[in-house]
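Q: any chance you could fold what I've pasted below:
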Amino acid sequence: MQKSIFRKCGLNMTVSAAALLAGAAVPVSGAGAAQQGADAGQAGDTDDFVFEEIVVTAGRRKQSLQDVPAAVTAVDPGDFVLKGLKDVSGILDYTPGVAYNDSGVVGRGSISARGVSQNEDTPVFGVYLDDTPVSTSTAFSRGGSVLFDAMLMDVERVEIIKGPQGTLYGATSVGGMMRYISRDPALQEMRGSVGADVSTIKGGDWSQTYNGRISTPLIKDKLGITVSGFYRDMGGYVDYLDVEENVNDAEVYGYAADMIFVPTEALEIRLKYMKQSLDYPATSTIQLADADTDEGLFGDYVTGDAPGDNKLDYEIATGTINYGLGWGEFSSTSSYVKYEVGGLVDFTSAYGPIIDLLGGRDAGTTTRVDFVNSAGSEKFVQEVRLTSERMGAFEWIAGLYYATEDTFNFQRLDVTPAVNVLDARFPSKYEEFAGFGDITYYVTDNFDVTGGVRVSRHAVDLEFETTGFLIGDGLETYPQSKETVDTYLFSARYRPVDDMSFYARVASGYRPRTSTLSVIDPNTGENVAPPFMESDHVWSYELGVKGVAADNVVSYDLAFWKIDWSNFQTTLTINGVSTSGNAADGVSAHGFEGTFVLRPTNRLTLDTNFAYSKSTLNADELLIGGAEGDRVPRVPKWTWSVQGDYQFDITGDWFGNLGGGLRYVGSSVSAFSNPQGNLLLPELTSVDSRLLADANLSVTRGNLSIGLYATNLFNKRALIARRDDGVLVGANRTGVFTQPRTIGMNVKLDF
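A: This next block holds a predicted model:
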């Protein structure tokens, strides 16, 4: 939910959520994935098979995935793209323990993990590009509803780490985090690829995607560069009443340059620049008929929101220095991250008569009302880190972190003929200093323990400036919010045999404290908002086991966990006016998850995932409309998925792969039992479970691959996210549905 100026002045106006928001390989996952033969023609020659050792950097050092004392999923995004799943939501649907809350357009949504869902604007799930934090750390730039999607960039793998990561990664990673790991530029030989994808949506438009990358050494072994880019013309399938068809189309493009310089064996310097831009007239959000139905108010895939002009832009620049010290490595990362989200929506029909009435103008004077909104962040981060090699029985990491972030958020109504109706701006500034580290002690080569701590000092400055007769003129400068927060990590690993690893993990995470905007009660004229939204804290307790079994036929990754989430940040309702604050008590969550990869022959691979999560309120919460035992919104109890791939010979040098998948997301609730804060009139709103099927077929000859795919094969129309505002009075209910069946074809050439 974005911070809205309508909450500031206490007006009970119902605005649509969409309008305000406008304003053929097996994926690597779990304990491992099947190693693909270098020559597909050899796939059936032998049944001997070993699982590939997957190396990840989730713990800020290179480790075998089996040895990481945490639940980590690693996937190759290229595999999903070839199967028609070109958004990061496709990866998340096939990942145990996480759920994606879709806002109806690529890059707009939030992630919940292990019972920790997005209930306020400060993100709960961190996103990194290599060592660069892309997520915002404040509550004033819609950071909780935007998600950097790098699926079509030159990314080697995506690491998804579940549970709080407060010691090594800092604020906002309270439910977990996701890292895009870039592919290193070539230093030996040139490499590259080009690809094209064309698809059609049932009842909608055609889509097309083009991408390419080339990586080449400029000075062999010393200097290399990668240049990459993509373009997507995404077809729509949601109509605007009887006025316009397929208004939720979108245009996305991105490009990047990545250079690596290795002047000596010990020194590595890397510079990277990345740009992405999304333009779209409307999201796929539609209005719902009632609280207990998923029927559209105006029909299937029909919205009442007029299309506008919306965008989401990212710009990222990083510089990294790594220097080998013999006994370890020194790393320095300097990062600049900027994003902006917003647009223009036609509000004439809703607010033209109101403006004429309140402004003392003759009825019909106002001929046009545009709601213009924009929010974003500009952040600089500097981190230095020392990572030791193993020194006898010890290894350690120590680092310093500094971040400064300026955010903006403005909302105004542009009226024709011109009159100053409403203009609101609330810029903020965030600054953080932190020191962090962990140390591992090897009791034996097969048993070790780790302890970690991070001490963070942050400060937030906030202003609120308004003009216009609808809200009044004013300038408020809020008291600076300062706080020091400690986060901790304790873990233990035990490897009874080479192919099995047990671990135990206790970890904490937090979101920063911040000032809150004043919210005036229209009846009393008093500010009903608390002065600060205090930091919230998560403690996680986890037991897990990873390994391979049955003569390398099966790999597995199992985890059992419990989370205590105290003082969580959320939206409060005081005397009918919404504001930001904290729940009085907390949330308790527990669950388990697992991944099994089966490879009975070198031709057949099955990848199965499952997760269970229960997340509930500890006590009655009148101000957030919840009762003791209420489920936390947007947290499905059950999720599971199955993917299969079968390789086969065709003729000569041609080989094939037949694949398919099922992804299941269980039911969830979209709000606490009474969003208006009246526990005497409960009204639950729910999102039913859904099961989607995907299928794909590809043929390969040498470096050329040609694929066919179908996502949502059986054309299931299922609600995947909903929002219910004003359930008792002036209801505004909206939902996002699965994209209809999409059939496509792609071609990819590696060179």
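
Q: isn't residue 393 up against residue 445?
A: No - contact between residue 393 and residue 445 fails when scored by Cβ atoms under 8 Å: they sit 9.7 Å apart. C-beta coordinates here come from the backbone N, C-alpha and C atoms, glycine included.

Q: and residue 66, that one's in a helix?
A: Yes - applying DSSP: H, G, I helix; E, B strand; the rest coil, one finds residue 66 inside a helix.

Q: can you count the residues close to it?
A: As a burial measure, residue 66 scores 23 neighbours (other Cβ atoms under 10 Å).

Q: show me the shaky parts of this protein.
A: For the chain, the stretches with pLDDT under 70 are 1-52, 675-684, 725-731.

Q: for it, which helix is longest?
A: For the chain, the helix that runs over the most residues, judged by DSSP state H, is helix 348-358.

Q: show me which positions of that helix end up buried.
A: Across helix 348-358, burial judged by 16 or more other Cβ atoms under 10 Å covers 348, 350-352, 354-356.

Q: between residue 393 and residue 445, which one's more packed in?
A: Per other Cβ under 10 Å, whichever of residue 393 and residue 445 has more neighbours is residue 393, with 12 against 8.

Q: that one: what's it in contact with?
A: 441-443 (Cβ atoms under 8 Å, 6 or more residues apart in numbering).

Q: surely residue 693 is in a strand?
A: Yes - counting by three-state DSSP, residue 693 is located in a strand.

Q: secondary structure class for the closest residue to it other than its chain neighbours?
A: Residue nearest to residue 693 in three dimensions, not counting chain neighbours: residue 713, with 4.2 Å by Cβ to Cβ, 6 or more residues apart in numbering. The local conformation at residue 713, judged by three-state DSSP, is coil.

Q: now do the same contact list for residue 713.
A: Neighbouring residues of residue 713 by Cβ under 8 Å, 6+ apart: 692-695, 741.

Q: which one of the residues you listed sits in the busiest neighbourhood?
A: Highest neighbour count within the contacts of residue 713: residue 694, with 24 neighbours (other Cβ under 10 Å).

Q: how close does that one sit to residue 716?
A: Counting by Cβ to Cβ, to the nearest Å, the gap from residue 694 to residue 716 is 11 Å.

Q: how about residue 554: what's its closest non-neighbour residue?
A: What sits nearest to residue 554 in space, not counting adjacent residues and going by Cβ to Cβ, 6+ apart, is residue 598, at 5.4 Å.

Q: that neighbour pairs with what?
A: residue 554, residue 606 (DSSP bridges).

Q: what's the burial count for it?
A: When neighbours are counted by other Cβ under 10 Å, residue 598 comes out with 16.

Q: for residue 131, same thing?
A: 19.

Q: can you tell me the strand partners of the helix or strand that contains residue 314 and which way each runs?
A: In the assignment (DSSP states H and E), residue 314 maps to strand 309-324. Using DSSP bridges, the strands paired with strand 309-324 are strand 267-280 (antiparallel), strand 328-346 (antiparallel).

Q: need the longest strand for the chain.
A: strand 394-416 (DSSP state E).

Q: could you check the angle it makes with strand 328-346?
A: Between the axes of strand 394-416 and strand 328-346, defined by axes from the mean of the first three to the mean of the last three Cα atoms, to 10 degrees, the angle is 20 degrees.

Q: for strand 394-416, packing partners?
A: Here strand 394-416 touches helix 348-358, strand 368-388, strand 422-425, strand 428-444, going by 3 or more Cβ pairs under 8 Å, 6 or more residues apart in numbering; DSSP states H and E.

Q: helices along this protein, start to end?
A: 5-8, 17-22, 77-82, 88-93, 166-169, 348-358.

Q: please identify the deepest-packed of those helices.
A: Scoring the helices of the chain by mean neighbour count under mean count of other Cβ atoms under 10 Å gives helix 166-169 as the most buried, with a mean of 27.

Q: contacting residues around it?
A: Contacts for helix 166-169 (Cβ under 8 Å, 6+ apart): 59-60, 126, 128, 133, 173-174, 177, 397, 436, 438, 452-454, 487-489, 507-510, 538.

Q: rewinding a little: and residue 641, which of the strands paired with strand 309-324 is closest to it?
A: Evaluated over those, closeness to residue 641 peaks at strand 267-280, with 26.9 Å, by Cβ to Cβ.

Q: please identify the buried residues of that closest one?
A: By neighbour count on 16+ other Cβ under 10 Å, the buried set for strand 267-280 is 268-270, 272, 274-276, 278, 280.

Q: cool, and stretch 335-348?
A: The neighbour-count check on stretch 335-348 (16+ other Cβ under 10 Å) flags 335, 337-348 as buried.

Q: how much space between the residue of the chain most remote from its centre and residue 352?
A: Centroid-distance maximum for the chain: residue 362 at 47.4 Å, with Cα atoms, centre = their mean. Here the distance between residue 362 and residue 352 works out to 12 Å (Cβ to Cβ).

Q: likewise for residue 155?
A: Distance, residue 155 to residue 352, by Cβ to Cβ: 46 Å.

Q: next: residue 706.
A: Distance, residue 706 to residue 352, using Cβ to Cβ: 54 Å.

Q: residue 416 now?
A: On the measure of Cβ to Cβ, residue 416 and residue 352 end up 10 Å apart.

Q: joint contacts of those two?
A: Common contacts of residue 416 and residue 352, defined by Cβ under 8 Å, 6+ apart, comprise 366-369.

Q: is it true that residue 599 touches residue 644?
A: No - using Cβ under 8 Å as the test, residue 599 is too far from residue 644 to be in contact (11.0 Å).

Q: neighbour-wise, which of these two wins?
A: Applying other Cβ under 10 Å to residue 599 and residue 644 shows that residue 599 carries more neighbours, namely 26 against 16.

Q: now the angle from the strand holding residue 314 to strand 368-388?
A: Using the same axes, to 10 degrees: strand 309-324 against strand 368-388 is 10 degrees.

Q: buried sites along strand 309-324?
A: 309-314, 316-318, 320, 322.

Q: sorry, back to before: and the contacts of residue 393, which of them are buried?
A: For those, buried by 16+ other Cβ under 10 Å: none.

Q: and of these, the nearest to residue 64?
A: Using Cβ to Cβ, the contacts of residue 393 come closest to residue 64 at residue 442, 15.3 Å.

Q: check contacts around that closest one.
A: Residue 442 neighbours (Cβ under 8 Å, 6+ apart): 390, 393-395, 448.

Q: rewinding a little: quickly list what's touching both of residue 599 and residue 644.
A: Counting by Cβ under 8 Å, 6+ apart, the contacts common to residue 599 and residue 644 are 605-606.

Q: separation between the residue nearest to residue 693 and residue 705?
A: From residue 713 to residue 705 the distance is 21 Å (Cβ to Cβ).

Q: next: residue 306.
A: In this view, residue 306 and residue 705 are 42 Å apart by Cβ to Cβ.
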